[in-house]
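Undergrad: Curious how this folds, go ahead:
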Amino acid sequence: MTFIEQCITIGLCALASVLTRALPFLLLSEKKPTPPIVRYLGNVLPAAVFGMLVVYCLKDTSFLSGNHGLPEIAGVIVTAALHLRFRQMLLSIGGGTMIYMILIQYIFIP
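TA: Coordinates of the predicted model:
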């Protein structure tokens, strides 16, 4: 890519980033009530993203060989327990990831 093409690409990426962040504020005003579909998506998307992360993380796990997926199962259990206790998604994901990484780095060394 030439320098001009690089500048255009960076500019378009920056514009897309700004637009995706500003668009909700431009389209949804404080004076009008939030549309029902937006409220619905706000309620269901966090759980959907969490479910998608679980499926993605466990898709290549082999429960029939090696350590039988024990670090993955422990990470999922810790994540679920933290989420049920504290209802903080960042804490849940971080705690489960931390347990998983500790297990694969120090306990279940490949």
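
Undergrad: for this protein, what are the low-confidence residue spans?
TA: 110 (pLDDT under 70).

Undergrad: Name the single longest helix found in it.
TA: In the chain, assigned by DSSP state H, the helix with the most residues is helix 3-27.

Undergrad: which residues touch it?
TA: M1 (CB atoms under 8 Å, 6 or more residues apart in numbering). All C-beta atoms are positioned from the backbone trio N, CA, C, and that covers glycine.

Undergrad: Relative to the whole chain's centre, how far out is it?
TA: 23 Å (CA atoms, centre = their mean, to the nearest Å).

Undergrad: Following the chain past it, name the next helix or strand.
TA: As assigned by DSSP states H and E, the chain's next helix or strand after helix 3-27 is helix 36-58.

Undergrad: Taking helix 3-27 as reference, get the angle to that next one.
TA: Interaxial angle, helix 36-58 versus helix 3-27 (axes from the mean of the first three to the mean of the last three CA atoms, to 10 degrees): 130 degrees.

Undergrad: Could I get the buried residue list for helix 36-58?
TA: 54, 57 (16 or more other CB atoms under 10 Å).

Undergrad: which secondary structure elements does it contact?
TA: If contacts are counted by 3 or more CB pairs under 8 Å, 6 or more residues apart in numbering; DSSP states H and E, helix 36-58 sits against helix 70-86, helix 89-102.

Undergrad: Please name whichever of those helices is nearest to T34.
TA: Nearest to T34, of all these, is helix 89-102, at 21.3 Å by CB to CB.

Undergrad: re the thing from before, how about the helices and strands packed on helix 36-58 in CSV, adding mean neighbour count and distance to Q6?
TA: What follows is these, written out as CSV (neighbours: other CB atoms under 10 Å; distance: least, CB to CB, whole Å):
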stretch, mean neighbour count, distance to Q6
helix 70-86, 16, 40
helix 89-102, 16, 34
